[in-house]
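> here's a sequence, model it:
(2 chains)
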Amino acid sequence: MDTLAKNSDVTVGAFAVPPRTEYKGMALYIGANIAALVFFLWSLSPTWLLHYLHIYYFPSRWWALAIPSWLIAAFIFTYVFLTLYNIEVMTYPLDRLEVIVDEHARVDGGKNGEYFWEATDGVWDLPLVDVSKVLYGDDSE
Amino acid sequence: MPYNIAMVSDFFYPQPGGVELHVYQLSQRLKQRGHSVVIITHAYDSRTGVRILTNGIKVYYVPFFVLYRNSTFPSVFSAFPILRNIFIRENIDIVHGHGSLSSLCHEAILHARTMGMKTVFTDHSLFGFADAGSIAGNKALKFTLSDVGHVICVSHTCKENTVLRASLDPSIVSVIPNAVVSKAFTPDPTRADPNYITIVVISRLYPNKGADLLTVIIPRICALHPRVKFLIAGSGPKEIDLQQMRERYRLQERVELIGSIRHEEVRDLMVTGNIYLHPTLTEAFGTVIVEAASCGLLVVTTDVGGIPEVLPSHMTVFASPSEDSLVDSTMKAIAILEKKEVDPTTFYNEIKGMYKWSEVARRTEKVYDSINEESLNEPLLDRLAKFYACGEWAGKLFVICVCVDVMLYAILELFWPRHTIDRVKPWPRVKSGE
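The predicted model follows:
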């Protein structure tokens, strides 16, 4: 798969993956693994083991618990915040004019209302009064 | 059998662009074929709520927080309640998502599968494999496409790219190219300035569209040829660079920056030019070069991605995406025009029948027909197994996401039962009283 991906010229034409990217990726891979190892050694091993290894000076291991807990709380809060923001800030109340028309709207039903029944190249908003007539008017039954 | 189709994409009118146009035109043609189509996108500025467009196509502008480049916040679950409500309200059978950078589209496909609906995904762009953004994006794509009904790509290059990125079975990927409304792109040789060679560029000015290359090659071409003018339409973060370049080389007379234009104005701008320059770095299809050739312009383009598939070779001068090559190719194109080796106004008749939206809609309908609901809706455990196979760590994460999604669905069914949701009245098929 990797050779295929590398040879594939779809990766932005002439700029195939330069070797530098591979070096960076390799360094990142090793770095991340060492970081994870150090983290688990620090957070999980008992104090006597660290003392036995002559490591006396290290951050309080309370942080190993606190930071992930905070992150999870922040993660869950994001959902709450996002939902509230969408509903309370982004959604207009029903009496606002923007519910019907807006700055980007170009309202036109065509000269004889032909935009109601034909495809057009440009994007037009149909006038809402006539839309209601088509959908809920007496003769539509 | 007519379907009720929901097109879901973060990218739609009022934003200009290829995906937006594709969604609109495809919806119109599917509607003409007797299907019912709604479009779901996120709110743009004050354009929020429901709008009815030409031909009675309904668009839901869902109020949702926009994170970056008009893509909604990738939260995986947040849009489920409103999407479910719309799907039930509109009696949707098929959910068709567009654009791999659109998180709303990914969400819709995931939730639609949880609700047991048919799903289709159309990929419009190419991505690399090496940088951090692409790696994350490709993982997300793999997640949604692990359990999709069918995938459509806009060119063969795009298919190859998508299959590699999402580790798909190529047999569920179809190629349906974009199209143009050719009668809206007719040539008009009288409009071009006979004293100058006018080079037109219409592009959103982003780095991946080659805006940096454009900034470098314009002064070089202007220095090489005294009778060249540039017309540049489009806006974006690189607009400032172009303005500064114009100031620095004192090219105000010869480089005109028009800013963003509407799609209907494209033709009138194109016919005032002789050459269309397309310096993009990545492109899956490139509808704009078909439009340009149709308008009777000679096309100078980079040969990246799906572009070499698009036009017959006598309509284009190819360049590699580098400064020197683009300058050479542009000078070559100017020479061709000055010697009158080809007559670009004849391109229109050749292109007329090549790319038609009605054909795109017919083929898309075939794709819808081909999806077998029985084999798609397998037991939950089999579905989880597919996600689990996505990667050592990612697989486990995906399984958790799907489990949460299934639970959310149960909660939504419990607290907002189906029968409490109003069903819409369908748009009448023919004008009443006729």
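> need the three-state assignment for the closest residue to A:Ser43 other than its chain neighbours.
Taking Cβ to Cβ, 6 or more residues apart in numbering or on different chains as the measure, A:Ser43 lies nearest to A:Ala64, with 3.5 Å between them; neighbours along the chain are not counted. Every C-beta, even on glycine, is put in place using the N, C-alpha and C of the backbone. In three-state terms, and counting by DSSP: H, G, I helix; E, B strand; the rest coil, A:Ala64 is helix.
> my guess is A:Ala64 contacts A:Phe39. True?
Yes. Here A:Ala64 reaches A:Phe39: they are 7.5 Å apart, a contact under Cβ atoms under 8 Å.
> the more surrounded of those two?
In this comparison of A:Ala64 against A:Phe39, neighbours counted by other Cβ atoms under 10 Å in any protein chain shown, the higher total goes to A:Ala64 at 15 against 11.
> which residues sit in contact with the more buried one?
Residues in contact with A:Ala64 (Cβ atoms under 8 Å, 6 or more residues apart in numbering or on different chains) are A:Phe39, A:Trp42, A:Ser43.
> and for the last one, the neighbour number?
So the one you mean is A:Ser43. Counted by other Cβ under 10 Å, the residues lying close to A:Ser43 total 13.
> where's it, which helix or strand?
When elements are defined using DSSP states H and E, A:Ser43 is found to belong to helix A:19-44.
> doesn't B:Phe121 lie inside a strand?
Yes. When classified by three-state DSSP, B:Phe121 is found to be part of a strand.
> what sits against the residue nearest the centre of chain B?
A centroid search over chain B (Cα atoms, centre = their mean) returns B:Val19, at 2.1 Å, as the residue closest to the centre. If a contact means Cβ under 8 Å, 6+ apart, then B:Val19 has B:Ser9, B:Phe11, B:His98, B:Gly99, B:His124 as its contacts.
> that's a helix at it, yeah?
Yes. Using three-state DSSP, the assignment for B:Val19 is a helix.
> let me see the confidence value for it.
Confidence at B:Val19, expressed as pLDDT, is 88.
> what about stretch B:257-274, average pLDDT?
Per-residue pLDDT values over stretch B:257-274 give a mean of 88.
> next, the buried residues of that stretch.
Judged by neighbour count (16 or more other Cβ atoms under 10 Å in any protein chain shown), stretch B:257-274 contains these buried residues: B:Leu257, B:His263, B:Val266, B:Arg267, B:Leu269, B:Met270, B:Val271, B:Thr272, B:Gly273, B:Asn274.
> endpoints of it, how far apart?
As for stretch B:257-274, its first-to-last residue distance stands at 17 Å under the measure Cα to Cα, to the nearest Å.
> could you do stretch B:109-123 as well?
13 Å.
> check which residues of that stretch are buried.
For stretch B:109-123, a neighbour-count test (16+ other Cβ under 10 Å) marks B:109-115, B:117-123 as buried.
> do the same with stretch B:319-335
B:Ala319, B:Pro321, B:Ser322, B:Ser325, B:Leu326, B:Val327, B:Ser329, B:Thr330, B:Met331, B:Ala333, B:Ile334.
> return only those of the residues you listed found close to chain A.
B:Pro321, B:Ser322 (Cβ under 8 Å from any Cβ of the partner chain).
> and of the buried residues of stretch B:319-335, the nearest to A:Leu94?
Distance to A:Leu94, by Cβ to Cβ, is smallest for B:Pro321 among the buried residues of stretch B:319-335, at 50.6 Å.
> one step back: wait, which of the buried residues of stretch B:257-274 is closest to chain A?
For chain A, the nearest member of the buried residues of stretch B:257-274 is B:His263. The distance, counting by Cβ to the nearest Cβ, is 7.2 Å.
> gap between the closest one and B:Leu30?
19 Å (Cβ to Cβ, to the nearest Å).
> which stretches of the chain have low pLDDT?
Using chain A. Residues of chain A that meet the criterion pLDDT under 70 lie in A:1-17, A:138-141.
> if you could check chain B rather than the one you did, that'd help
Using pLDDT under 70 as the threshold, the predicted model of chain B has low-confidence ranges B:430-434.
> ok, 50 please
B:432-434 (pLDDT under 50).
> can you list the domains in it?
Described in terms of automatic domain parsing, the domain architecture of chain B consists of the residue ranges B:4-179+B:357-420, B:182-351.
> packing partners for the longest helix belonging to chain B?
Of all the segments assigned as helix in chain B under DSSP state H, the longest by residue count is helix B:394-415. In terms of contacts (3 or more Cβ pairs under 8 Å, 6 or more residues apart in numbering or on different chains; DSSP states H and E), helix B:394-415 is packed against helix B:80-89, helix B:103-114, helix B:132-145, helix B:380-388.
> just those: most buried one?
Scoring the helices and strands packed on helix B:394-415 by mean neighbour count under mean count of other Cβ atoms under 10 Å in any protein chain shown gives helix B:103-114 as the most buried, with a mean of 25.
> for the residue lying closest to B:Leu257 once chain neighbours are set aside, pull up the helix or strand it's in.
Counting by Cβ to Cβ, 6+ apart, B:Ile232 is the residue found nearest to B:Leu257 once chain neighbours are left out, at 5.3 Å. For B:Ile232, the host element (DSSP H and E) is strand B:228-233.
> can you list the strands that that strand pairs with?
Paired strands of strand B:228-233, with direction, are strand B:197-202 (parallel), strand B:255-259 (parallel) (DSSP bridges).
> just the ones you listed: most buried one?
The highest mean neighbour count among the strands paired with strand B:228-233 belongs to strand B:197-202 (a mean of 24), with neighbours defined as mean count of other Cβ under 10 Å.
> which residues are in contact with that one?
Outside strand B:197-202, the residues that touch it by Cβ under 8 Å, 6+ apart are B:192, B:214, B:221, B:225, B:227-234, B:261, B:266, B:269-270, B:272-279, B:288, B:292, B:297, B:330, B:334, B:337-338.
> repeat that with 7 Å
With Cβ atoms under 7 Å, 6 or more residues apart in numbering or on different chains as the contact definition, strand B:197-202 has outside contacts at B:192, B:214, B:227-234, B:266, B:269-270, B:272-277, B:288, B:297, B:334, B:337.
> helix or strand next in line after that strand, which one?
According to DSSP H and E, the helix or strand after strand B:197-202 is helix B:211-224.
> helices or strands next to that following helix in the packing?
In terms of contacts (3 or more Cβ pairs under 7 Å, 6 or more residues apart in numbering or on different chains; DSSP states H and E), helix B:211-224 is packed against strand B:228-233, helix B:239-248, helix B:323-338.
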